[in-house]
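Participant: build the 3D model from these lines:
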Amino acid sequence: MTVRNWFTKLLKRSNKVEQAFFVSERDKGDYNNLHVHMLIGTNTNMTYQEVKYGMGNISVGDYQPIYDSEAVCKYVTKHIGKDVDYDIVFKN
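Facilitator: Below you'll find the predicted structure:
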């Protein structure tokens with residue numbers, strides 16, 4: 001299952017999600033393994049369980065609200081341009 005598929009499910013299953021951004025990047029310890037950072041724009045708060053269920057009960061690691069959007073954006077985009085996959089999706 002790809003990240004885009006997770007987001008498609010999330011947008012279909014949740015009436016709270018309006019847009020989402022993801023970037024996948026290579027792990028420091030294992031260059032062949034990837035992890036994903038996701039920013040999910042909602043019209044109200046979502047629980048960890050709602051996010052996990054919305055993407056198909058996948059493993060969701062760190063989950064937290066964003067209080068400093070500039071810092072988070074810098075963190076999740078730090079590898080763009082370095083062979084990473086990223087996208088932004090909007091609910092129709």
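Participant: give me the element residue 22 is part of.
Facilitator: strand 17-26 (DSSP states H and E).
Participant: need the contact partners of that strand.
Facilitator: 3, 7, 10-11, 32-43, 46, 54, 76-77, 79-80, 83-91 (Cβ atoms under 8 Å, 6 or more residues apart in numbering). C-beta: built from backbone N, CA, C; applies to glycine.
Participant: paired strands for the helix or strand just after it, with orientation please.
Facilitator: Heading C-terminal from strand 17-26, the first helix or strand you meet, by DSSP H and E, is strand 34-42. Here strand 34-42 is paired, per DSSP bridges, with strand 17-26 (antiparallel).
Participant: residues of the strand it pairs with that come out buried?
Facilitator: 17, 20-25 (16 or more other Cβ atoms under 10 Å).
Participant: of the residues you listed, closest to residue 69?
Facilitator: Nearest to residue 69, judged by Cβ to Cβ, of these is residue 21 at 11.5 Å.
Participant: got the angle between the longest helix anywhere in the chain and strand 17-26?
Facilitator: The single longest helix within the chain, with elements called by DSSP state H, is helix 3-13. Angle, helix 3-13 to strand 17-26, by axes from the mean of the first three to the mean of the last three Cα atoms, to 10 degrees: 160 degrees.
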